[in-house]
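Engineer: What follows is a predicted protein model with its sequence.
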Amino acid sequence: MDLLDTINFEPATHRLWFVGDLVNRGPESLTALRFVRDLGEAAVTVLGNHDLHLLGTAAFGDAQLRKKDTLQPILEAHDSTKLLGWLRRQPLLHHDDGLGYTLSHAGLPPPWDLGAAIQCTREVQDVLSGDNHRDFLRDIYGNKPDHWNDKLAGIERWRYTVNALTRMRYCDSDGRLALEQKGPPGTQDSRLKPWFEIGKRRNSNLKIIFGHWSTLRLTGEDYHRYNVFPLDTGCLMGSHPRRRCDWRIRKNSACLPGSLRFTTESPVPAPAE
């Protein structure tokens, strides 16, 4: 909560952008999930791989839990059903034309332009928020297909979408996902590059905010070169109708994992839903 005190957060005039993984990134997963849900229209969040892991665990039982998970309090909470229902109705992607930024947990795969990204994420959101979400959560795991094809359909299309937006770090020169590679740049197979360095990336014109990659270290020059803004433990991004802040704050917090980034451009109103 110290981050919000620092910026004098006002829900009526600020909006926070969360880059996903609201849970399982510290000991207070239940508190964090309730906090973001209760922000209502003052918060925009996308789903991360840990959020999907929680939904899968809730759907198929405690056997899905891992030793390091901090999800049990959510599963046992009196409001668990409502929290999980809210979570599975959150998108994988958020794009704001007015602010000029696109938000996803892991980034955007090189073969996708904005239109493809919006279409595919809407398809996943429809099935995840619908009556057949248990079938989706049961079949979504796996590393294949790892290459985009417009003809992909059904669960293969949805699995590619989920993997690209919540698990991706490296790709080969053809944009094929290399999901087994998880280390910092320089430790990967020589044929691979970070997804945003792939040549002819179809979304290179977009300003992309993402998280997921805790060992990624970029410079300010890299941000401008690749049009990407990595926030390794989460993201809060806000706009205010009267002022904008020149801060980049990184601070550990049980409720608010991540980094806060406000831009220094001319004042703009908070985006309308």
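Structural biologist: Received it, and whenever you're ready, just let me know what you need.
Engineer: Take the longest helix along the chain, keep the C-alpha atoms, and write them as PDB.
Structural biologist: Among the segments of the chain that qualify as a helix by DSSP state H, the longest is helix 114-128. C-alpha atoms of helix 114-128 as PDB (Å, rounded to 0.1, in the frame of the first residue of the first chain):
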ATOM      1  CA  LEU A 114      -2.900  -5.900 -32.900                       C
ATOM      2  CA  GLY A 115      -5.900  -7.200 -34.800                       C
ATOM      3  CA  ALA A 116      -4.800 -10.800 -34.500                       C
ATOM      4  CA  ALA A 117      -4.000 -10.300 -30.800                       C
ATOM      5  CA  ILE A 118      -7.400  -8.800 -30.000                       C
ATOM      6  CA  GLN A 119      -9.300 -11.500 -32.000                       C
ATOM      7  CA  CYS A 120      -7.500 -14.400 -30.400                       C
ATOM      8  CA  THR A 121      -7.700 -13.100 -26.800                       C
ATOM      9  CA  ARG A 122     -11.400 -12.400 -27.200                       C
ATOM     10  CA  GLU A 123     -11.900 -16.000 -28.200                       C
ATOM     11  CA  VAL A 124     -10.100 -17.200 -25.100                       C
ATOM     12  CA  GLN A 125     -12.000 -14.800 -22.900                       C
ATOM     13  CA  ASP A 126     -15.300 -16.000 -24.200                       C
ATOM     14  CA  VAL A 127     -14.600 -19.700 -23.500                       C
ATOM     15  CA  LEU A 128     -12.900 -19.000 -20.100                       C
END
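Engineer: which secondary structure elements does the following helix or strand past that helix contact?
Structural biologist: As assigned by DSSP states H and E, the chain's next helix or strand after helix 114-128 is helix 133-139. With contacts defined as 3 or more Cβ pairs under 8 Å, 6 or more residues apart in numbering; DSSP states H and E, the secondary structure elements packing on helix 133-139 are helix 49-60, helix 114-128, helix 154-166. No exception for glycine: its C-beta is placed from N, CA and C like everyone else's.
Engineer: The longest helix of the chain - contacts with which helices or strands?
Structural biologist: Secondary-structure packing of helix 114-128 (3+ Cβ pairs under 8 Å, 6+ apart): strand 93-96, strand 101-104, helix 133-139, helix 154-166.
Engineer: Could you single out the most deeply buried of these?
Structural biologist: The densest packing among those, expressed as mean neighbour count by mean count of other Cβ atoms under 10 Å, is seen in strand 101-104 with a mean of 24.
Engineer: excluding its backbone neighbours, what's nearest G183?
Structural biologist: What sits nearest to G183 in space, not counting adjacent residues and going by Cβ to Cβ, 6 or more residues apart in numbering, is T215, at 6.5 Å.
Engineer: element containing that neighbour?
Structural biologist: Judged by DSSP H and E, T215 forms part of no helix or strand.
Engineer: That one and G186 touch, don't they?
Structural biologist: No - using Cβ atoms under 8 Å as the test, T215 is too far from G186 to be in contact (9.9 Å).
Engineer: any weak-confidence spans in the stretch 1-150 of the chain?
Structural biologist: Scanning the stretch 1-150 of the chain for pLDDT under 70 picks out 1, 62-63.
Engineer: pretty sure P184 is in contact with T215, am I right?
Structural biologist: Yes - here P184 reaches T215: they are 3.7 Å apart, a contact under Cβ under 8 Å.
Engineer: secondary structure class for L47?
Structural biologist: Here L47 is recorded as coil under DSSP: H, G, I helix; E, B strand; the rest coil.
Engineer: Please enumerate the strands of the stretch 151-273 of the chain.
Structural biologist: Taking DSSP state E, counting those that start in this stretch as the criterion, the stretch 151-273 of the chain contains strands spanning 170-171, 193-194, 208-210, 228-230, 235-236, 248-250, 259-261.
Engineer: Compare the ones you listed and say which comes out lowest on pLDDT.
Structural biologist: Here the strands of the stretch 151-273 of the chain differ in mean pLDDT, and the lowest is strand 248-250 at a mean of 32.
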